[in-house]
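Asker: sequence-free structure coming up:
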């Protein structure tokens, strides 16, 4: 393993592209390998043990098979279910998980009302409970589960009438009641346009992608593993469908 080795980025599907684009913008000289497990998406409806098994299997492929210098788990559900165990199994590797930007939301809006939208697995895991206990003492936090978002993004329909209809159903009753909305799934940022249409411009919509990218760069720099370039991107999807790779690349260039 050297500076030119891959930074592997893993997600349950194409949603982790919202993190990948932050990583690539911050570290354009790196070689990235994006692996989306769309064949098993969505992870948010599976048991914790199922998510754990799928995540460890993907990590083995990327860390052992690919010998990546770092693994970014660009999936909140997989992070909640397995990231601590990944660090125990591969203690010599840099392994970064993603967290909902709850601290940032509470810092920006002390005493405010914060919505945190996440999958069932993320909402029920201890990792989120610890974040809530740590950062939300002065805020009112509403846990929001919105099924259907991952499926729309995976189908390439993040910017569609169906997306707007779903967000109206899930968030319409919160119009005028939130100071911030924290997106606890990496698929969700691709629905930001529909969320802003429903909630209005005054709601601060935050995700964990930028912070994850900064932490990855910090860890690589600390280890002396930042690459000098030129950078590259390789995309693989477990579905075996070329359309999923095309969707990955299309989302990478979506604002």
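Answerer: Ah, there it is. What you see is a predicted model, and the numbers here were worked out from it, not measured in a lab.
Asker: Please name the nearest non-neighbouring residue to residue 50.
Answerer: Excluding its sequence neighbours, the residue lying closest to residue 50 (Cβ to Cβ, 6 or more residues apart in numbering) is residue 43, at 7.9 Å. Backbone N, C-alpha and C define where each C-beta goes, glycine included.
Asker: for that neighbour, what are its contacts?
Answerer: Contacts for residue 43 (Cβ atoms under 8 Å, 6 or more residues apart in numbering) come out as 12, 37, 50, 51, 54, 75, 77, 78, 119, 121.
Asker: redo that, cut-off 10 Å
Answerer: Residues in contact with residue 43 (Cβ atoms under 10 Å, 6 or more residues apart in numbering) are 11-13, 15, 37, 50-51, 54-55, 75-78, 80-81, 119-122, 150, 185.
Asker: What is the linear distance spanned by stretch 217-228 between its boundary residues?
Answerer: One end of stretch 217-228 to the other measures 13 Å (Cα to Cα, to the nearest Å).
Asker: still on that earlier bit, which among the contacts of residue 43 count as buried?
Answerer: Buried members of the contacts of residue 43, counted by 16 or more other Cβ atoms under 10 Å: 11-13, 15, 37, 51, 54-55, 75-78, 80-81, 119-122, 150, 185.
Asker: Of these, which belong to strands?
Answerer: Secondary structure from DSSP state E places residue 11 of the buried ones among the contacts of residue 43 in strands.
Asker: Neighbours of residue 25, how many?
Answerer: Other residues near residue 25 come to 11 when the count uses other Cβ atoms under 10 Å.
Asker: if I look at residue 118, how far off is residue 159?
Answerer: For residue 118, the distance to residue 159 equals 21 Å [Cβ to Cβ, to the nearest Å].
Asker: Between those two, which has more neighbouring residues?
Answerer: Set residue 118 next to residue 159 and count neighbours by other Cβ under 10 Å: residue 118 wins out with 24 against 15.
Asker: do you know how far that one is from residue 80?
Answerer: The value you get for residue 118 to residue 80, if Cβ to Cβ is used, is 9 Å.
Asker: any common contacting residues for these two?
Answerer: Residues touching both residue 118 and residue 80 (Cβ under 10 Å, 6+ apart) are 100, 124, 125, 128, 184.
Asker: Just the buried subset of those residues, please.
Answerer: Buried among the shared contacts of residue 118 and residue 80 (16+ other Cβ under 10 Å): 100, 125, 128, 184.
Asker: And the helices in the stretch 151-255 of the chain, which stretches?
Answerer: Per DSSP state H, counting those that start in this stretch, the stretch 151-255 of the chain carries helices over the ranges 161-171, 192-199, 209-222, 242-252.
Asker: burial of the nearest residue to residue 233 once chain neighbours are set aside, as a residue count?
Answerer: Using Cβ to Cβ, 6+ apart and skipping residues adjacent in sequence, the residue nearest residue 233 is residue 32, 5.0 Å away. Using other Cβ under 10 Å, residue 32 is surrounded by 19 other residues.
Asker: tell me the phi and psi of residue 32?
Answerer: Torsion angles at residue 32 (phi, psi; degrees, to the nearest 10) stand at phi -110, psi 140.
Asker: Could you measure from it over to residue 78?
Answerer: Distance from residue 32 to residue 78, by Cβ to Cβ: 18 Å.
Asker: Taking the centroid of this protein, which residue is nearest it?
Answerer: Nearest to the geometric centre of the chain sits residue 186, at 3.0 Å (Cα atoms, centre = their mean).
Asker: thought that one was touching residue 23?
Answerer: No - the pair residue 186 and residue 23 fails to qualify as a contact (Cβ atoms under 10 Å) at a distance of 11.8 Å.
Asker: Residues that sit against both of the two, list them.
Answerer: In contact with both residue 186 and residue 23: 9, 16, 74, 209, 212, using Cβ under 10 Å, 6+ apart.
Asker: Identify the residues contacting the closest residue to the second one other than its chain neighbours.
Answerer: In other words, residue 16. Of all residues not flanking residue 16 in the chain, residue 74 sits nearest, at 3.1 Å (Cβ to Cβ, 6+ apart). Contact analysis of residue 74 by Cβ under 10 Å, 6+ apart lists 8-12, 15-20, 22-23, 34-36, 96-98, 186, 208-209, 212-213.
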